[in-house]
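**Q** heads up, no residue letters with this:
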């Protein structure tokens, strides 16, 4: 895997940071998790998430506004990259952080258990 540009969003701090991914283990480090998953809301964007994010009490939930009008809610830190090439390799994120800010919406939802 070559180096790719990624954008990390931490919903607890509301901070976006530009990151470099050099291998698949970098995702776990950035997401602060044991296992991760990826969703592709569009052909040119992938979002890496903590696979167990909904089970981590205190994880904040972020709503993503998709370009086709749909929304999805994801728990925990998010890492954005580009789509994939013909060989299935992940591409770097080509947009600007400001572009992501129009898609990412804060919520009042926090993962937890009612007593």
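**A** Good, I have the coordinates. The structure displayed is predicted, hence computed values, not measured ones.

**Q** Every contact and neighbour count from this point should use C-alpha atoms.
**A** Fine.

**Q** quick one: the strands in the protein?
**A** 4-10, 15-21, 36-42, 45-50, 60-65, 71-75, 78-81, 104-110 (DSSP state E).

**Q** Please identify the most buried of those strands.
**A** strand 78-81 (a mean of 24; mean count of other CA atoms under 10 Å).

**Q** Redo the strands of the chain as a markdown table? Include distance to residue 87 and mean pLDDT.
**A** Putting the strands of the chain into a markdown table (distance: least, CA to CA, whole Å; pLDDT from 0 to 100) gives the following:
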| stretch | distance to residue 87 | mean pLDDT |
| --- | --- | --- |
| strand 4-10 | 15 | 97 |
| strand 15-21 | 18 | 97 |
| strand 36-42 | 16 | 92 |
| strand 45-50 | 15 | 95 |
| strand 60-65 | 27 | 93 |
| strand 71-75 | 27 | 93 |
| strand 78-81 | 16 | 97 |
| strand 104-110 | 29 | 87 |
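
**Q** I'd like these as CSV, with distance to residue 88 appended.
**A** Conversion of those to CSV gives the following (distance: least, CA to CA, whole Å):
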stretch, distance to residue 88
strand 4-10, 14
strand 15-21, 16
strand 36-42, 12
strand 45-50, 12
strand 60-65, 24
strand 71-75, 23
strand 78-81, 13
strand 104-110, 26
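
**Q** so what's the most centrally placed residue in the chain bridging to?
**A** Nearest to the mean C-alpha position of the chain, by CA atoms, centre = their mean, lies residue 78 at 2.5 Å. Beta bridges link residue 78 to residue 9 when assigned by DSSP bridges.

**Q** Good, we can wrap up now.
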